[in-house]
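# Sequence unavailable; structure follows:
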């Protein structure tokens, strides 16, 4: 009996001792690595507005349906994730500009003149690189007629060696230095844009000339009336027939621009603006996307970067900023 009691006592002591053993600490799990911050921009939705104008309603409704997935895909390639693109149409260009200024619209397609009138609250992202055929243009042209054949030949010879503006500067200097008969210039009557353009062309050789410096300057109502009587003509409107008019220098005055709202810190920032420009350039180069863009602009527009110099020249031509212009040689 004593042995049995001793045996059970030993078992009890072993149980107590085992319970008093030092508990081994549970090994801690290694810290989970902190996920890197997501790169790029994420937007739940993006509101894009076009100016409706007199465009075909059915075409605009098709644009509303087909553009969003294309724009979402092009932006995604540039690191911008957009959940939804909402396409709307402004009743007027001013209405679209006002919506951008409020921030209810984030991306707007509008004429250059409208952007310039609201540039303090908008950020210009893109301008037409290859404007539609009916885009407003202004330029200085030779009529392809017999009366200026000698001038055209001299211009073409110099242009082949140094570009159109270099040839113009050379030709301009010869008008008043060779003691020959001065050429006849023609400019549209009461057209401030055309007159400013001619002023800039006269001043391109930096000697302070203006249109008023031209000894033989005439104004016309229709270009037909000066086609065979003037040596150099300023044309303002749609691009002229290349078979009838040889361009010295021309530029677009209008055309659709793409701006973003500065009321929105994200879309008004450098990163989104760069991504949107790249997306527009990609859409411009894609045949399927061009078909969709033509629903709005008709002939198709290739969108490119907003060149500061070109914008300043447009400002000058439209009278928004006095004395700001610069022509660039080719």
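Arrived safely. As the structure is a prediction and not an experimental result, all values here were calculated from the model. Numbers count the residues shown, from 1 in each chain.

# show me where this structure has strands.
Taking DSSP state E as the test, the strands found in the chain are 41-43, 46-51, 80-82, 85-90, 107-111, 122-130, 137-143, 185-188, 217-220, 232-237, 245-252, 256-261, 302-305.

# Of those, which is nearest residue 69?
strand 85-90 (8.0 Å; C-beta to C-beta). Placement of C-beta: from N, CA and C, glycine included.

# need the helix or strand of the protein with the lowest average pLDDT.
Lowest on mean pLDDT, DSSP states H and E among the helices and strands of the chain sits helix 2-19, with a mean of 45.

# Identify the residues contacting residue 151.
Residues near residue 151 by C-beta atoms under 8 Å, 6 or more residues apart in numbering: 142, 171, 183, 231-232.

# And for residue 195?
Counting by C-beta under 8 Å, 6+ apart, the residues that residue 195 touches are 187, 211.

# most centrally placed residue in this protein?
Centroid check for the chain by C-alpha atoms, centre = their mean gives residue 126 as the closest residue, at 1.2 Å.

# re earlier: which of the contacts of residue 151 are buried?
With burial judged by 16 or more other C-beta atoms under 10 Å, the buried subset of the contacts of residue 151 is 142, 171, 183, 231-232.

# Go ahead and confirm residue 259 touches residue 111.
No - taking contacts as C-beta atoms under 8 Å, residue 259 lies outside contact range of residue 111: 10.8 Å.

# between these two, who's got more neighbours?
Taking other C-beta atoms under 10 Å, residue 259 and residue 111 do not tie; residue 259 has more neighbours (28 against 20).

# Can you read off the pLDDT for residue 81?
Residue 81 is assigned 97 on the pLDDT scale.

# actually residue 265, not the one I wrote
Note on residue 265: pLDDT of 91.

# Just read off the phi/psi values of it.
Main-chain dihedrals, residue 265, degrees, to the nearest 10: phi -60, psi -30.

# how deep is it tucked in, by neighbour count?
10.

# do you know how far it is from residue 103?
As judged by C-beta to C-beta, to the nearest Å, residue 265 and residue 103 stand 10 Å apart.

# Kindly report the same for residue 191.
Here residue 191 is placed at a distance of 37 Å from residue 103 (C-beta to C-beta).

# coming back round to it: any chance of a markdown table for the contacts of residue 151, columns pLDDT and distance to residue 320?
Shown next, in a markdown table, are these (pLDDT from 0 to 100; distance: C-beta to C-beta, whole Å):
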| residue | pLDDT | distance to residue 320 |
| --- | --- | --- |
| 142 | 94 | 30 |
| 171 | 84 | 30 |
| 183 | 89 | 31 |
| 231 | 92 | 31 |
| 232 | 93 | 27 |
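
# Mind putting the residues you listed into CSV with distance to residue 312?
Shown next, in CSV, are the contacts of residue 151 (distance: C-beta to C-beta, whole Å):
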residue, distance to residue 312
142, 27
171, 25
183, 29
231, 30
232, 25
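
# which one of those sits closest to residue 303?
residue 142 (31.0 Å).

# Next up, the contacts around the closest one.
Contacts were defined as C-beta under 8 Å, 6+ apart; by that measure residue 142 touches 148, 151-152, 155, 231-233, 245-246, 248.

# hmm, back to that, dig out what the residue nearest to the centre of the chain forms beta bridges with.
Note on residue 126: beta-bridge partners residue 258, residue 305, judged by DSSP bridges.

# My understanding was that it contacts residue 258; is that so?
Yes - Residue 126 lies in contact with residue 258 (C-beta under 8 Å); the separation is 4.2 Å.
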